[in-house]
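Student: With the input below, show me the fold.
(chains A, B, C and D, ligands or ions: 4)
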Amino acid sequence: MRTVAEFRVEYSQLLGPDGDAVGDLPPFARDVEELVRMYRMMTLARSFDVKAVNLQRTGQLGTYAPCLGHEATHVGVGAAMRAEDVLAPVYREVGTQLWRGVTMREILVYWGGDERGSDFAVPRGDFPWCIPIATQTLHAAGAAMAFKIRRERRCAVAYIGDGGTSEGDFYEAVNVAGARALPVVFVVVNNGWAISVPLCAQTAAKTLAQKAIAAGIPGVQVDGNDVFAVRQAVSSALEAARDGRGPALVEAITYRLSDHTTADDAGRYRQAAEVERAWRIEPLLRTRRFLEKAGLWDEDRERALLADCAREVEQAVAAYLSFPKPEPGAMFDHLFERAPAHLAAQRVMATRRADRAGGH
Amino acid sequence: MRTVAEFRVEYSQLLGPDGDAVGDLPPFARDVEELVRMYRMMTLARSFDVKAVNLQRTGQLGTYAPCLGHEATHVGVGAAMRAEDVLAPVYREVGTQLWRGVTMREILVYWGGDERGSDFAVPRGDFPWCIPIATQTLHAAGAAMAFKIRRERRCAVAYIGDGGTSEGDFYEAVNVAGARALPVVFVVVNNGWAISVPLCAQTAAKTLAQKAIAAGIPGVQVDGNDVFAVRQAVSSALEAARDGRGPALVEAITYRLSDHTTADDAGRYRQAAEVERAWRIEPLLRTRRFLEKAGLWDEDRERALLADCAREVEQAVAAYLSFPKPEPGAMFDHLFERAPAHLAAQRVMATRRADRAGGH
Amino acid sequence: MVEAIAMAHGWEMQHDERVVVLGQDVGANGGVFRATLGLQQRFGGDRVQDTPLAEAAIAGMAVGMAAQGLRPVAEIQFMGFLYPALDQIVNHMSRLRYRTRGRLSCPVVVRMPHGGGIHAPEHHSESVETMLCHVPGLRVVCPSSPARAYGLLLAAIRDPDPVMFLEPARLYRAVRQDVEDDGRALPLDTAFTLREGGDVTIVTWGAMTAETLRAADELAGRGIDAEVIDLATLSPIDTETILASVGRTGRLVVVHEAARNVGLGAEIAALVAEHALYDLLAPIRRVTGYDTVMPLYRLEMDYIPGVERIVAAAERTMADSR
Amino acid sequence: MVEAIAMAHGWEMQHDERVVVLGQDVGANGGVFRATLGLQQRFGGDRVQDTPLAEAAIAGMAVGMAAQGLRPVAEIQFMGFLYPALDQIVNHMSRLRYRTRGRLSCPVVVRMPHGGGIHAPEHHSESVETMLCHVPGLRVVCPSSPARAYGLLLAAIRDPDPVMFLEPARLYRAVRQDVEDDGRALPLDTAFTLREGGDVTIVTWGAMTAETLRAADELAGRGIDAEVIDLATLSPIDTETILASVGRTGRLVVVHEAARNVGLGAEIAALVAEHALYDLLAPIRRVTGYDTVMPLYRLEMDYIPGVERIVAAAERTMADSR
Ligand SMILES: Cc1ncc(C[n+]2csc(CCOP(=O)(O)OP(=O)(O)O)c2C)c(N)n1
Ligand SMILES: Cc1ncc(C[n+]2csc(CCOP(=O)(O)OP(=O)(O)O)c2C)c(N)n1
Ligand SMILES: [Mg+2]
Ligand SMILES: [Mg+2]
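Tutor: Ligands and ions are numbered 1, 2, ... in the order given. Sure thing, here's the model as predicted:
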């Protein structure tokens, strides 16, 4: 027996749950504006989230997938990316999308059952929400391939959940990314659950970062409730990718503090004690404590921020609620650039019927 | 940064290319009858293979996938399995199938374009040849799940090629096998090529054994031209699986000495020098040398064995060639246990037409 | 309807220990629609298993389990997530018996929600029965009431070959009916004539059955007497029942939620145009989903056929008669 | 025909640098049928890439590449290996433009061999165009001659939306024809009338076109004048050409290799039964593959429709006329 390969998986945390730095802080952590910007975006994501769940409960929004607890991962990834990079999100990455310029109104329009929500004004190149689990990882690999072929210094970032790592598409994506040294970073959001299925039923792998080993690419694990660690890990992965040094996988360990979606009842399958424990290490509080300990934050600023966020959210909700409903004919729009004849006929049928029924 | 997981991949070889033992030989290597049985089966597989290619070239067989160079892996795996275990082969594992009791006539009937070849008299529980790459790995996992649910001490063995390790089904299978601790062993036959695609274009992984790490299961690498090493590695993996200690992956490194299939021309995409090098370490010769050095083999026995094999092959070929062609109606047989009415009508149509055309 | 489905599972698992259930969230959670509610508590974690999140694995393992003597009932969470499982279903599940000349077989049921109307996100409202019906070796079933769901699911689990069991999501909670838990199966391959009528035959299935029955009531008020056939087993089609009805009425309307182009309505129309052309008094009409993507929920009811469109099609069929 | 396909690739890659080719063995090997022969030498390894052995990856990456401005032409090695790619094709490729209201789009061509008759192993002889034609947002094309392969492939690559390009494997080497490399595309969405005739319309496509033309010759000898339409674009269907022809002949036979049940022939029959019922002088007949698995090669020619069955169907159609 001869050892022919050796691997290790490293874990990094920079900011402990109490807001103390537990590792060497990267330069951005000394940039006050940037710090506040990150904290602000995490807070905005949470304010939005609470409101969106509320809108669903009151019948004003469709099924919605909350981001509660994921704010550090989402904002860390957003902050690590450049505008010209491309994001392939799943359905929960509110924080990253807000950071990149998707508006809250667009997000609401989408979950409100209207395709126009995916026609982001900014960023035009990002992929839309992706419901079929793991499929987006291949889109990111393809985007990265396009960048590589055209020799552009751009990267793709794909999100995927812990459950998603069981799907074939995910492995195919990391494998092909490795084989072709594509500029893509896979962010595995390990929030412990895939609806009702806990991670231990999903895989025997001790870490999800080690899934990268199968593809021959680097994989690291970070505290996903630590916005510094996430940003740092994703930044250096992106830097390597941009420099032609190939892809990487970052596992961010966090927790889904909410139900899976508004259609789910997590109380059916998980213990309250587990959720309580997770609240003790959630991402916002530790960031706030860090800022406070650094003298950059206090109760007043917090109140002002919350008020600000609430106002922004309310504005978005108002814009969403007053957004005109789509016309029935819209379901034929954009299927093809050049619509075949029979679709025009069907459109007339659908539109007439809506007229007769008195519109919507 | 803290190391949270460490892995290593081990390689084992027991028998060098010159026929010398290079490691501790397992008990079976001291069992003369068993040794001869293994060498005999490797030789028979090769004799059969040469003949099958010939039959194809002369229009008496359809496309055929040669096993040239894979004999040690095939026989090593066959010998490691028990009769009550279940094999999920791909399309190339002649040696394993012969060992388990599939007849050469059956193999020829199948590649001769007739489903009856898959109705093995023995072993009744083995899966048939599997053309869609990687899909068989999930069948093996499912079979293992059945054994586990029924608490039977049986295992499933799935083959897969180096190319096959790029397919999502493969990863899903090893992952679920790990998650449920299923009694299944995956044998990755790394023969360097997937038709014209070399391993380096398939993955950035240094070894294929490390694919197991993604699933949290053990993975080892063996010299696939070394029948001792293969048998040993697969045996101990099967023992563990049988004892409820879960699945494993064994990567057997060998070489496809032939074209991919009789429809392929490997000269288009690989160098003659590479093939020549591979011939120098091929599996039969080293086994023969080992036997010779142990005083168990000589020129006469070799000649007798070859004559024996040739006779057996000829008998199988004769049985194949005289096997009656299937009736057109056969294409409706066994689609359902209880055939729906419209199929009966279609069957009549197909049969009448064949009658009119003067049969086949 | 969802209770009837859980009940059928329970009966059959109780009476046949080879029956096992697998899928995402089918265990503690009882399925996202609760179609497997209580089964894991009752039959244990071996016989009711949550799988990893991998549809190909669900279908592929079901093939392996069935080949080795179990009777797996697998759940695909929504029909839009069927595609990763299709390779295993088409290339193996439907063919294993054929391929091995009966040596191995695949008595698997693959259950999945079917159709829209529940305000769900994208991919949660698909009705692509065409893809399954076109595959030789599969039976495809789609119940339209709790009683039929119970009886047909029992038949599906007992069938020696693979059955795709499509459950109209819109009916899961909408329709309630007392169903006796008597273990009695309904016949596969047989359509149900839910309403007799002499003017026009309307063939439909799944959630569209309720709409069609409502449309028939409305039509009756307008003096048109519609016969309503619930196809129930979508493949193989019960051609006899359809031809006999069209023989009486001379008119055919097919109603389905799936897109029109190469929808199952096409097959039914083609069967009639081949075997009963001279019975036809009017062109065959199809009332279907449009040939576009099932829109997000704001427009889904504009996509899905409703009473109004069915009534209009039947009236036009009457008017167009020769 | 295979040379015409390679030639069309070459022209378009030369004239549009966004065009890239990906698939298994498409590089040094030039594709297992040589449909991409010489392209890698000519355009380099970036633009002509062998992929790992993973169909979902091929389709999924094509989606990502197209969304970011490339024009990928992807090869699936045989149609029986399409299924792992279907999820990406159905749930993303066909919908990305729709889903994003035109913000992103998917100008992808997915090429694959289609049909049997070449003595290949299992899964190498499938013709499941139904599965693709039923999907809104896809165009599906199937050429029946080298010239049409060249012109239609150019059109497919230039189309701003995804096109599934099915290449009859039986024609790759069987049919030779001088094709001018002039970069001229043929129209998508248009059927080709290959032979005019007043008695019966026969609609077909792909490898069945040659059989049908031979059958038409045979029928002519028996006094039956068949019109032969090569559908060419299988979705959307050129309904006008078909209806106009049936308007003249009053009779329709559809010929395809795929299984009958919910085959594309059903859609064509349904269209005619809806829009031209009163033109029909005889029942619509379908000559198709049977509703069983495409058998291994000993019986494949018993499965695939041939001249004899087509002639018999046309004759019976004439005989059954009212
Ligand atoms: C292919 C597919 N199968 C099933 C589903 C249904 N589904 C939606 S979310 C989900 C769980 C996802 O878990 P994970 O990947 O951990 O992401 P999380 O929701 O925890 O962020 C499932 C099974 C789906 N959307 N796509
Ligand atoms: C899903 C699928 N895609 C493509 C093919 C065509 N094909 C047959 S064999 C093969 C290469 C397989 O390579 P590998 O897994 O290394 O096995 P080997 O042939 O070398 O034994 C390919 C691409 C297939 N059979 N199935
Ligand atoms: Mg999760
Ligand atoms: Mg190989």
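Student: so what's A:Ala156 up against?
Tutor: Applying CB atoms under 8 Å, 6 or more residues apart in numbering or on different chains, we find A:Ala156 in contact with A:85-88, A:139-141, A:143-144, A:147, A:182-185, D:64. In this view, the C-beta of every residue, glycine as well, is placed from N, C-alpha and C.
Student: Relative to chain D, how far out is the residue of chain C found nearest chain B?
Tutor: The nearest approach of chain C to chain B comes at C:Gly64, 2.2 Å away (CB to the nearest CB). Look at C:Gly64 and chain D: by CB to the nearest CB, to the nearest Å, they are 18 Å apart.
Student: in what helix or strand does the nearest residue to that residue once chain neighbours are set aside lie?
Tutor: Setting aside the residues directly before and after it, C:Gly64 is nearest to B:Gly142 in space (CB to CB, 6 or more residues apart in numbering or on different chains), at 2.2 Å. Using DSSP states H and E, B:Gly142 sits in helix B:135-149.
Student: Could you do A:Val188 as well?
Tutor: A:Val188 is located in strand A:184-190, with elements delineated by DSSP H and E.
Student: if you average pLDDT over the following helix or strand past that strand, what comes out?
Tutor: Using DSSP H and E, the helix or strand that follows strand A:184-190 in sequence is strand A:193-194. Regarding strand A:193-194, the rounded mean pLDDT is 98.
Student: Partner strands of strand A:193-194, with direction?
Tutor: With DSSP bridges as the test, strand A:193-194 is paired with strand A:197-198 (antiparallel).
Student: Residues contacting the partner strand, please?
Tutor: Identification of contacts with strand A:197-198 by CB under 8 Å, 6+ apart yields A:Gly163, A:Gly192, A:Arg270, C:Gln24, C:Asp25, C:Asp50, C:Pro52, C:Leu53.
Student: Identify all contacting residues around the helix or strand following it.
Tutor: Going down the chain from strand A:197-198, the next helix or strand is helix A:199-202, by DSSP H and E. Outside helix A:199-202, the residues that touch it by CB under 8 Å, 6+ apart are A:Asp162, A:Gly163, A:Thr165, A:Ser166, A:Asn190, A:Gly192, A:Trp193, A:Ala194, B:Ala179, C:Asp50, C:Pro52, C:Leu53.
Student: Could you report the neighbour count for the residue lying closest to C:Asp50 once chain neighbours are set aside?
Tutor: Using CB to CB, 6+ apart and skipping the chain neighbours, the partner closest in space to C:Asp50 is C:Gly27 (4.3 Å). Using other CB atoms under 10 Å in any protein chain shown, C:Gly27 has 24 other residues around it.
Student: before we move on, back to that, give me the helices and strands touching the helix holding B:Gly142, please.
Tutor: strand B:86-88, strand B:156-161, helix B:168-179, strand B:184-190, helix C:39-47, helix C:55-67, helix C:83-88 (3 or more CB pairs under 8 Å, 6 or more residues apart in numbering or on different chains; DSSP states H and E).
Student: That one and ligand 2, are they touching?
Tutor: No: using CB under 6 Å from any ligand atom, helix B:135-149 stays clear of ligand 2, coming no nearer than 7.2 Å.
Student: and that helix, which residues are buried?
Tutor: Buried residues in helix B:135-149, counted by 16 or more other CB atoms under 10 Å in any protein chain shown: B:135-149.
Student: Out of those, the closest to chain A would be?
Tutor: B:Leu138 (9.9 Å).
Student: mind listing what residue 142 touches?
Tutor: This is for chain A. Residues in contact with A:Gly142 (CB under 8 Å, 6+ apart) are D:Gly60, D:Met61, D:Ala62, D:Val63, D:Gly64, D:Met65, D:Ala66, D:Ala67, D:Gln68, D:Pro72.
Student: not what I meant, chain C
Tutor: C:Cys142 touches C:His114, C:Glu129, C:Phe165, C:Leu166, C:Glu167, C:Pro168, C:Trp205, C:Gly206, C:Leu231, C:Ala232, C:Thr233, C:Leu234, counting by CB under 8 Å, 6+ apart.
Student: The third one in helix, strand or coil?
Tutor: The one in question is C:Phe165. strand (DSSP: H, G, I helix; E, B strand; the rest coil).
Student: And for the closest residue in space to it that isn't next to it in sequence, the neighbour number?
Tutor: Spatial nearest neighbour of C:Phe165, excluding adjacent residues (CB to CB, 6+ apart): C:Arg111 at 4.4 Å. By other CB under 10 Å, the residues close to C:Arg111 number 26.
Student: quick one: C:Arg111 and C:Gln77 touch, right?
Tutor: No: using CB atoms under 8 Å as the test, C:Arg111 is too far from C:Gln77 to be in contact (10.0 Å).
Student: for chain A, which spans come out with low pLDDT?
Tutor: A:354-360 (pLDDT under 70).
Student: how about the residues of it near ligand 1?
Tutor: Proximity of chain A to ligand 1 (CB under 6 Å from any ligand atom) is limited to residues A:92, A:131-133, A:161-164, A:189, A:191, A:193-195, A:256, A:260.
Student: try it again with 5 Å
Tutor: Contact residues (CB under 5 Å from any ligand atom) of chain A with ligand 1: A:Arg92, A:Ile131, A:Pro132, A:Ile133, A:Gly161, A:Asp162, A:Gly163, A:Gly164, A:Asn191, A:Ala194, A:Ile195.
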